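Colleague: just to be clear, the model below is a prediction. Sequence and coordinates:
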Protein chains: 2
Amino acid sequence: MNVKPNENVTLKEYLARQKTEVDGMLEALIPDETIYPPEIFRAVRYSLFAGGKRIRPILCLAAAEAVGGKPEPILPVACAIEMIHTYSLIHDDLPAMDNDDYRRGRLTSHKVFGEDLAILAGDALLTEAFQVMTRREVAAGLPPARLLQVVREIAEAAGWFGMVGGQVLDVQSEGQTVAPETLYAIHRMKTGAMILVSLRTGAILAGAAEEALAALSDYGRQIGLAFQIADDILNVEGDKALLGKGTGSDAARGKVTFPLLLGLEASRSRAEELVKGAIEALAPFDEKAEPLRWIARYILERKS
Amino acid sequence: MNVKPNENVTLKEYLARQKTEVDGMLEALIPDETIYPPEIFRAVRYSLFAGGKRIRPILCLAAAEAVGGKPEPILPVACAIEMIHTYSLIHDDLPAMDNDDYRRGRLTSHKVFGEDLAILAGDALLTEAFQVMTRREVAAGLPPARLLQVVREIAEAAGWFGMVGGQVLDVQSEGQTVAPETLYAIHRMKTGAMILVSLRTGAILAGAAEEALAALSDYGRQIGLAFQIADDILNVEGDKALLGKGTGSDAARGKVTFPLLLGLEASRSRAEELVKGAIEALAPFDEKAEPLRWIARYILERKS
């Protein structure tokens, strides 16, 4: 949290330190299996502590720092976003959805705990995310009107015009011919909306001015799409060991992807353009936005 | 909404008018299938407008009126509670859970739309409930600190120590010998918590004093349990046509119920005691709490 971008830390060190902060707070927020009923906490923790990179909460904290805010009071809200992200992975993996047996190299929730517990673990994570955001200690450190705006924006980003709506389009387009507009809509809704709201959450809670919020939203829209294109490219050519699931699995399932739609080279150029645009959107910010610039570049370089 | 309890309306008229208010607001809150992606709104509306009695939002509004509050600004929050209740029915009916083909005499969501859409419709209703509670027009009419408290309490009641936790215990106890304490825990968590928070929501948003809130909570705990016992009794001896699903279905599934645990007569006495206790808890209230007294008595009389 207290890593300053000009302290000569590498991106890898920065991401590792931020991940440690997020993991520590999640550890404190989520009951363990000594609490009744233990099965739900076992299932929730299995998926929540499965080695996620915590990109969304890290973006949230970085946005707060970019506008001069303190990350500490915002950390639980950032963790709530990760809880919502984790719920979406558990439900997406279900037999009725993508029917994935592995995620990040480990068996998926329903393979370990059964479909009933997996559905309930997802339901619990989604529900408790809103408890975490609004709990007394969190609310005490944040202006109520800002916190209410953030609760609303997160619900919108996760709901029928955001993540859930994108997943609806996604399951419906499997094995179908999909127009480019539809693929963009799927990704804007399914992954873009939550990445965008991660940045907005940090900025809003830190009291960002309108123009700063607009610039960070612009950055968020561009890296959200770049992240998805990079993900599609990784799915085609990534290293199975690093990615933790079979590469080419999208193609095998008949999912339309950017490489399929634009070709691999054009997909790479598009991702590069978006990252460049995202970094340009940060032009008004000083060195406090340096982690956001790093993260944008990291999208093009990551191998998993 | 403007039914006064001393206007000589019958309970039936009161419930019908309140249901109309709730249905009208839900109609306004939920996009229809002219909106993209239409499938999610079709699935959401199918379950949300399936003839539910709207008991939870009606209790919420009645609690607000009991402490002298106006129901209008609270109505969307009351509707959000019904959205959460509806999500829980959709997910409970799934093949991996109770595997029910019918609910209220109609095919369940997954039978009509498929399991993937049913899971997503539930996820969407749960998520959007928090959007509805915090949307600009709603927040504008309510003190922010009270609204944040209500968001937190609703998330708690719906989460791992409430409804989801109760469902975990419920799926795990099917076909098992269950101790009376466990049955009470299941019902307190699975149905009691949401009924209790419906009353607390109305009271908190209406600015209830501590003692009034405590009395309404006492009422809520007692009718919550009475409601569940009455439900178990109806399941044993209810009229299939009225209830919309096979009677005796709990027994066939190996679910432990109050009649099984206490016997039918003792279950009836226990429900009567609880209703009496609930009405006694309302002693400090004047005629504005009359609908709450009616609803308590209705629990013993209802046939579906």
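Modeller: That came through fine.
Colleague: can you pull the pLDDT of residue A:96?
Modeller: We have a pLDDT of 96 for residue A:96.
Colleague: residues in contact with the residue nearest to it when sequence neighbours are not counted?
Modeller: Excluding the flanking residues, the one nearest residue A:96 by Cβ to Cβ, 6 or more residues apart in numbering or on different chains is residue B:115, at 3.5 Å. In this view, the C-beta of every residue, glycine as well, is placed from N, C-alpha and C. Residue B:115 makes contact with A:96, B:94-95, according to Cβ atoms under 8 Å, 6 or more residues apart in numbering or on different chains.
Colleague: from the residues you listed, which single one is nearest residue B:200?
Modeller: residue B:94 (29.1 Å; Cβ to Cβ).
Colleague: how far is stretch A:218-228 from where the chain is centred?
Modeller: Centroid displacement of stretch A:218-228 relative to its chain, using Cα atoms, centre = their mean, to the nearest Å, is 11 Å.
Colleague: hmm, I typed the wrong one, I wanted stretch A:165-172.
Modeller: Using Cα atoms, centre = their mean, the offset of stretch A:165-172 from its chain centre is 17 Å.
Colleague: now residue A:272: closest residue in space that isn't a chain neighbour?
Modeller: residue A:300 (6.4 Å).
Colleague: my read: that neighbour touches residue A:275, true?
Modeller: Yes: Residue A:300 is within contact range of residue A:275, at 5.7 Å (criterion: Cβ atoms under 8 Å).
Colleague: what residues are shared contacts of the two?
Modeller: Common neighbours of residue A:300 and residue A:275, using Cβ under 8 Å, 6+ apart, are residue A:226.
Colleague: between those two, which one's more packed in?
Modeller: Ranked by neighbour count (other Cβ atoms under 10 Å in any protein chain shown), residue A:300 and residue A:275 place residue A:275 first, with 24 against 16.
Colleague: any low-confidence regions in the stretch 101-250 of chain A?
Modeller: A:238-249 (pLDDT under 70).
Colleague: now the strands for it?
Modeller: Assigned by DSSP state E, counting those that start in this stretch, the strands in the stretch 101-250 of chain A fall at A:102-103, A:106-107.
Colleague: right, so those strands: which one is the most enclosed?
Modeller: Of the strands of the stretch 101-250 of chain A, the one with the most neighbours on average (mean count of other Cβ atoms under 10 Å in any protein chain shown) is strand A:102-103, at a mean of 18.
Colleague: residue A:200 versus residue A:193, what's the distance?
Modeller: Residue A:193 is 10 Å from residue A:200, where distance means Cβ to Cβ, to the nearest Å.
Colleague: could you do residue A:144 as well?
Modeller: For residue A:144, the distance to residue A:200 equals 18 Å [Cβ to Cβ].
Colleague: neighbour count winner among those two?
Modeller: Using other Cβ under 10 Å as the criterion, residue A:144 and residue A:200 rank with residue A:200 on top: 24 against 17.
Colleague: now do the same contact list for the more buried one.
Modeller: By Cβ under 8 Å, 6+ apart, residue A:200 lies in contact with A:63, A:150, A:153, A:213, A:216-217, A:220.
Colleague: most neighbours of all these, which one?
Modeller: Most surrounded of these: other Cβ under 10 Å gives residue A:63, at 32 neighbours.
Colleague: the spatially most central residue of chain A: which element?
Modeller: The centroid of chain A falls nearest to residue A:56 when counting by Cα atoms, centre = their mean (4.0 Å). Under the criterion of DSSP states H and E, residue A:56 resides in helix A:55-66.
Colleague: what about dumping the CA coordinates of that helix to PDB?
Modeller: C-alpha atoms of helix A:55-66 as PDB (Å, rounded to 0.1, in the frame of the first residue of the first chain):
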ATOM      1  CA  ILE A  55      -6.000  -7.000 -10.600                       C
ATOM      2  CA  ARG A  56      -9.400  -5.400  -9.800                       C
ATOM      3  CA  PRO A  57      -8.700  -4.400  -6.200                       C
ATOM      4  CA  ILE A  58      -5.200  -3.300  -7.200                       C
ATOM      5  CA  LEU A  59      -6.700  -1.000  -9.900                       C
ATOM      6  CA  CYS A  60      -9.100   0.300  -7.300                       C
ATOM      7  CA  LEU A  61      -6.400   1.200  -4.900                       C
ATOM      8  CA  ALA A  62      -4.200   2.600  -7.600                       C
ATOM      9  CA  ALA A  63      -7.000   4.900  -8.800                       C
ATOM     10  CA  ALA A  64      -7.400   6.200  -5.300                       C
ATOM     11  CA  GLU A  65      -3.700   6.900  -5.000                       C
ATOM     12  CA  ALA A  66      -3.600   8.500  -8.500                       C
END
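Colleague: neighbours of residue A:263, just the number please.
Modeller: By other Cβ under 10 Å, 11 other residues sit near residue A:263.
Colleague: and it, how close does it get to chain B?
Modeller: As judged by Cβ to the nearest Cβ, to the nearest Å, residue A:263 and chain B stand 27 Å apart.
Colleague: go on, residue A:158?
Modeller: 5 Å.
Colleague: do stretch A:143-153 and chain B meet at all?
Modeller: Yes: for stretch A:143-153, a contact with chain B is found by Cβ under 8 Å from any Cβ of the partner chain, at A:144-145, A:147-149, A:151-152.
Colleague: that older thread, hey, what's the angle from the very next helix or strand once past the helix holding residue A:56 to helix A:55-66? Just curious.
Modeller: Sequence order places helix A:75-92 as the next helix or strand after helix A:55-66, per DSSP H and E. Taking axes from the mean of the first three to the mean of the last three Cα atoms, to 10 degrees, one finds helix A:75-92 and helix A:55-66 inclined to each other by 160 degrees.
Colleague: what about helix A:75-92, average pLDDT?
Modeller: Mean predicted confidence for helix A:75-92 is 98.
Colleague: what distance separates it from the centre of its chain?
Modeller: 8 Å.
Colleague: stretch A:136-145 too?
Modeller: Distance, stretch centre to chain centre, for stretch A:136-145: 23 Å (Cα atoms, centre = their mean).
Colleague: next one: the closest residue to residue A:302 other than its chain neighbours from residue A:280, what distance?
Modeller: Spatial nearest neighbour of residue A:302, excluding adjacent residues (Cβ to Cβ, 6+ apart): residue A:230 at 6.9 Å. Going from residue A:230 to residue A:280 by Cβ to Cβ gives 18 Å.
Colleague: who has more neighbours out of those two?
Modeller: residue A:230 (24 against 13).
Colleague: ok, the more buried one touching residue A:301?
Modeller: No: using Cβ under 8 Å, residue A:230 and residue A:301 do not qualify as a contacting pair, with a distance of 9.1 Å.
Colleague: what is the neighbour count of the closest residue in space to residue A:109 that isn't next to it in sequence?
Modeller: Once flanking residues are discounted, residue A:109 sits nearest to residue A:118: 4.0 Å by Cβ to Cβ, 6+ apart. Using other Cβ under 10 Å, residue A:118 has 24 other residues around it.
Colleague: am I right that residue A:118 is in contact with residue A:100?
Modeller: No: under the criterion of Cβ under 8 Å, residue A:118 is not in contact with residue A:100, lying 11.3 Å apart.
Colleague: who touches both of these two?
Modeller: With Cβ under 8 Å, 6+ apart, residue A:118 and residue A:100 have common neighbours A:93, A:108.
Colleague: perfect, I'm done here.
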